[in-house]
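I'd like to go over a predicted model; first the sequence, then the structure.
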Amino acid sequence: MTIIAAIIIGLCWFAFAPVRIKDDTILYKSWTWEFPTYTYVTNHKSNRSYKESGAYNVRRHTSTKSYYDSATKTTKTKTVVRYSYDIDEWEWSKDCVTTGLDNKPYEGEDKDLPFDISNPHIGDRKRGNRTEKYEVKTEKSENRWYEITRKDWEKLEVGYKIEYDKARALNKISVCY
């Protein structure tokens with residue numbers, strides 16, 4: 001058992017231990033910005049639950065039930081609490097993706113959609129949070145793109161010689177300065 005554990009630990013260490021790459025040249029750098037958009041489809045769908053929800057317009061309903069317990073020969077009272085609330089439903093409609101090889105990331109055609117709408121109507125659209133991805137391709141990367149942080153991406157230019165650490169199993173690198 002301990003031999004198998006040692007082999008597994010060794011393989012994990014080998015796969016994720018960083019390898020230092022020196023004197024590599026950046027050939028390309030790219031960016032991708034993506035955010036989802038949603039369409040309002042249901043206006044105030046009601047729901048009931050025994051637990052309080054994060055929805056809005058939560059109403060608490062308390063009812064009392066009495067019953068006779070034959071084992072103890074007494075009348076017992078049980079209080080039941082239920083919650084009713086309204087839910088707005090937003091359906092995913094599409095992802096807005098923009099990508100490029102330049103140094104000027106921008107959002108796509110739906111960039112002016114609001115993040116939240118206080119009083120929505122059927123068919124209204126809103127946007128979700130943006131995800132950002134920055135990558136570089138180097139001479140020694142063997143046609144692989146490596147993901148880097150935005151801070152590193154902004155400092156680097158095509159043609160720069162860099163030194164970086166990369167894990168064997170991941171497509172992420174950490175630039176050394």
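Noted; the coordinates are in hand. Residues are numbered from 1 along each chain as shown.

so where do the helices sit in this protein?
2-16, 150-155 (DSSP state H).

could you give the mean pLDDT of the longest one?
When pLDDT is averaged over helix 2-16, the result is 67.

center of this protein, which residue is that?
Nearest to the mean C-alpha position of the chain, counting by Cα atoms, centre = their mean, stands residue 131 at 7.7 Å.

Tell me if I'm right that that residue and residue 95 touch.
No: if you go by Cβ atoms under 8 Å, residue 131 and residue 95 don't touch, sitting 9.6 Å apart. Just so you know, the C-beta spots here come from the backbone N, C-alpha and C atoms, and that holds for glycine as well.

what touches both of the two?
34-35 (Cβ atoms under 8 Å, 6 or more residues apart in numbering).

from memory residue 130 sits against residue 107, does it?
Yes: Residue 130 lies in contact with residue 107 (Cβ under 8 Å); the separation is 7.1 Å.

shared neighbours of these two, anything?
Common neighbours of residue 130 and residue 107, counting by Cβ under 8 Å, 6+ apart, are 33, 35.

ok, now which ones touch the nearest residue to residue 135 once chain neighbours are set aside?
Once flanking residues are discounted, residue 135 sits nearest to residue 145: 4.3 Å by Cβ to Cβ, 6 or more residues apart in numbering. Residue 145 sits next to 30, 135-137, 171 when contact means Cβ under 8 Å, 6+ apart.

How much space separates residue 145 from residue 137?
5 Å (Cβ to Cβ, to the nearest Å).

list residues touching both of those two?
residue 30.

quick one on the thing from earlier: wait, what's in contact with the residue nearest to the centre of the chain?
Neighbours of residue 131 in contact, by Cβ under 8 Å, 6+ apart: 33-35.

now, which of these lie within strands?
Where those overlap with strands, as defined by DSSP state E, the overlap consists of 33-35.

Closest one of those residues to residue 62?
residue 35 (42.6 Å; Cβ to Cβ).

residues near the nearest residue to the closest one once chain neighbours are set aside, how many?
Leaving aside its chain neighbours, residue 35 sits nearest to residue 130 (4.2 Å; criterion: Cβ to Cβ, 6+ apart). A total of 14 residues lie near residue 130 under the criterion other Cβ atoms under 10 Å.

dump the residue contacts of residue 130.
Counting by Cβ under 8 Å, 6+ apart, residue 130 touches 33-35, 107.

Quick one: residues contacting the residue of the chain most remote from its centre.
Distance from the C-alpha centroid of the chain peaks at residue 73, with 56.5 Å (Cα atoms, centre = their mean). Residue 73 makes no contacts at all, as judged by Cβ under 8 Å, 6+ apart.
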